[in-house]
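In: show me the folded form of this:
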Amino acid sequence: MIAGTAKKGKNAVKRAVLSNGLRVIWEKMPAVRSVAVGVWLDVGVVDETPATNGVSHLLEHLVFRGTETRGSVEISRAMDEVGGVLDGFTDHENTMYYARVLDEHVELALDLLSDITVNARLLPEDVEKEKRVVKEEIRSYEDSPSDRIHDIIGANLFPDNLLGMSVLGTTDTVAALSRGGVAEYRDAGYVAGRALLCAAGHVEGDEFVELAEKYFGRMKADGVGERLRAAAENDASRFLTKDTEQLHLCMGARSIPYGHPDRYVAAVLTTALGGNASSRLFEKIRDRYGLAYSVYCYGQGYRDAGAMIVYIGTAPETAIEARDHALAEVEDVVKNGLSPEELSRAKECLKGNLMLALEGTAARVSRLAKQELFLGRQVSLEETCNGVDAVTADDAARLAVDVFGGGLTVTAIGPNAEDVCRV
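Out: Numbers count the residues shown, from 1 in each chain. As a prediction, this is how the structure comes out:
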């Protein structure tokens, strides 16, 4: 194995490369007793096709069904017995499995994580059982319009792109997945060349790398390659008429990728618009007019694309009023930019939220992985705060015009969804 350090310093992020090419990064946090460990795989919706949509998520479920040496109950009990957490999630560009344990149980965490990612059995009967579980998850999701609306806006913003497909897939695509197809997908993607192992917390570097080699050195080395990026034709209907108590509304536009030089500008802009209780949308739509309980704005960054989205949950009879207030605020930002006070509040909020979050090992390890995968380097907290501080009113105004100047796509779920989308 080849080891190296990102930079000098007691709490520096350090790196090693295992004998099979798997990258390892870790950061020691001496003041805590816990360790968060995660393995990130470059496998997600963008590696699927419209016909296999949902295979990444189904596979994430299946690995917990059992391995060559452990059944599902043994996997759960092994972590429960030490008071730890073991879980996974899938998004459009990655699949991640993580564990959080006390420092004395790091070896167990690595053993379990490697076992499920390398040795999952994928028995035919387990595949069929988990397909039923996932189909129930999809049905539950479809009964949750406050969640589903984000898929609808995604399909509209990325109508011909895999980024517009659902992470869960559909009941039809999941039903059509075969054990052989899932195994083939796993064998191509769950390889060292597409994996990153991260840890943050009370972790000893030399010992951690030795344990990583012991457990993850058995992962297949090949399979870097180009991502598939198949063509997609997403269901881009802008509205879903449904008998709900609230109307759920998303408005958005395509924006910048995760690693774009304007990423700090985007963070300031979304925070000022709808990132906290003193943001424009919250103050106007919730505080001033009482039209919504939940209203916010967020940015979504991918490797090659991004989006800025406004969400509002409101009564059907007030949905058009709430929509118009939101559109007016966005238009005002496009025309007049942010005030000095808004700019300052958004910056301080961003920095404070980041620093508070990074006191936890889970947030720290997630940040390590995302920066390594999307930026190819580690960005210090100081550099991040300096980047936020450097954002000017002119920067925010310029990006607002670039993103929102062409108008927003409006999507809705609710009784009068079609009317609300008629802008």
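
In: drop to CA atoms for contacts and neighbour counts, all remaining ones
Out: Noted.

In: how does the chain divide into domains?
Out: 2-216, 239-420 (automatic domain parsing).

In: which one of the ones you listed lies nearest to Asp222?
Out: domain 2-216 (5.8 Å; CA to CA).

In: in a markdown table, list the domains of the chain along with mean neighbour count, mean pLDDT and distance to Asp222.
Out: Listed next are the domains of the chain as a markdown table, based on neighbours: other CA atoms under 10 Å; pLDDT from 0 to 100; distance: least, CA to CA, whole Å:
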| stretch | mean neighbour count | mean pLDDT | distance to Asp222 |
| --- | --- | --- | --- |
| domain 2-216 | 19 | 94 | 6 |
| domain 239-420 | 19 | 96 | 18 |
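
In: now Ala199: which helix or strand?
Out: Using DSSP states H and E, the element containing Ala199 is strand 195-201.

In: next SSE after that strand?
Out: Heading C-terminal from strand 195-201, the first helix or strand you meet, by DSSP H and E, is helix 205-216.

In: orientation of that next one relative to strand 195-201 in degrees?
Out: Angle, helix 205-216 to strand 195-201, by axes from the mean of the first three to the mean of the last three CA atoms, to 10 degrees: 140 degrees.

In: next SSE downstream of helix 205-216?
Out: According to DSSP H and E, the helix or strand after helix 205-216 is strand 239-241.

In: paired strands for that following strand, with orientation please.
Out: strand 409-414 (parallel) (DSSP bridges).

In: what comes into contact with the partner strand?
Out: With contacts defined as CA atoms under 8 Å, 6 or more residues apart in numbering, strand 409-414 is touched by 145, 149, 152-153, 156-157, 238-253, 316, 417-418, 420-421, 423.

In: how about a cut-off of 7 Å?
Out: 145, 149, 152-153, 238-244, 246-253, 316, 420-421 (CA atoms under 7 Å, 6 or more residues apart in numbering).

In: can you check stretch 86-95 too?
Out: Applying CA under 7 Å, 6+ apart, the contact partners of stretch 86-95 are 40-46, 56-57, 60, 79, 96-100, 163, 167.

In: mind listing which of those are in helices?
Out: 56-57, 60, 79 (DSSP state H).

In: re the thing from before, go through the contacts of strand 409-414 and flag which are in strands.
Out: 239-241, 247-253 (DSSP state E).

In: which of those lies closest to Ala396?
Out: Ala253 (15.6 Å).

In: contacts only, for that closest one.
Out: Contacts of Ala253 (CA under 7 Å, 6+ apart): 157, 307-309, 403-404, 408-409.

In: one more pass at 10 Å, please.
Out: Ala253 makes contacts with 153-154, 156-158, 299, 306-310, 402-410, as judged by CA atoms under 10 Å, 6 or more residues apart in numbering.

In: then Val35?
Out: For Val35, counting by CA under 10 Å, 6+ apart, the contacting residues are 27-29, 84, 99-106, 109, 199-203, 360-362, 365.

In: switch the cut-off to 6 Å
Out: 100-103, 200-202 (CA atoms under 6 Å, 6 or more residues apart in numbering).

In: I'd like the residues you listed written out as a markdown table, with distance to Leu375 added.
Out: Converted to a markdown table, the contacts of Val35 look like this (distance: CA to CA, whole Å):
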| residue | distance to Leu375 |
| --- | --- |
| Arg100 | 25 |
| Val101 | 28 |
| Leu102 | 30 |
| Asp103 | 29 |
| Ala200 | 19 |
| Gly201 | 22 |
| His202 | 25 |
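
In: nearest to Ala266, of those?
Out: Looking across the contacts of Val35 and measuring by CA to CA, the closest to Ala266 is Ala200, at 27.2 Å.

In: Provide a list of residues in contact with the closest one.
Out: Ala200 neighbours (CA under 6 Å, 6+ apart): 26-28, 35-36, 361, 365.

In: can you do 7 Å?
Out: Here Ala200 is in contact with 26-29, 35-37, 361, 364-365 (CA under 7 Å, 6+ apart).

In: what's the farthest-apart pair in these?
Out: Met29 and Val37 (13.0 Å).

In: in the stretch 251-400 of the chain, which spans are helices?
Out: If you assign secondary structure with DSSP state H, counting those that start in this stretch, the helices in the stretch 251-400 of the chain sit at 263-274, 280-281, 319-336, 340-357, 361-370, 381-389, 393-404.

In: the ones you listed: which one's closest to Val13?
Out: Proximity to Val13 (CA to CA) singles out helix 361-370 among those, at 8.3 Å.

In: first-to-last residue distance for stretch 18-25?
Out: 11 Å (CA to CA, to the nearest Å).

In: should've said stretch 270-290
Out: For stretch 270-290, the end-to-end distance is 21 Å (CA to CA).

In: measure the most centrally placed residue in the chain to Asp151 for me?
Out: Using CA atoms, centre = their mean, the residue of the chain that lies closest to the mean C-alpha position is Asp91, 5.6 Å off. Look at Asp91 and Asp151: by CA to CA, they are 12 Å apart.

In: kindly report the same for Ile256.
Out: 19 Å.

In: likewise for Glu342?
Out: Counting by CA to CA, the gap from Glu342 to Asp151 is 30 Å.

In: ok, now Arg303?
Out: Arg303 is 18 Å from Asp151, by CA to CA.

In: again with His105
Out: Applying CA to CA to His105 and Asp151 gives a distance of 38 Å.

In: OK, contacts around the closest residue to Ile309 other than its chain neighbours?
Out: Distance criterion CA to CA, 6 or more residues apart in numbering; nearest residue to Ile309, sequence neighbours excluded, is Gly252 at 4.1 Å. Listed by CA under 7 Å, 6+ apart, the contact partners of Gly252 are 307-310, 408-410.

In: tell me which of these is nearest to Lys347?
Out: Met308 (17.8 Å).

In: bridging residues for that closest one?
Out: Beta-bridge partners, per DSSP bridges, of Met308: Ala253, Gly299.

In: my read is that it contacts Tyr296, right?
Out: No - Met308 is beyond contact range of Tyr296, at 10.8 Å (criterion: CA atoms under 7 Å).

In: quick one on the thing from earlier: check the ones in strands among the contacts of strand 409-414 and tell me the two furthest apart.
Out: Thr241 and Ala253 (22.3 Å).
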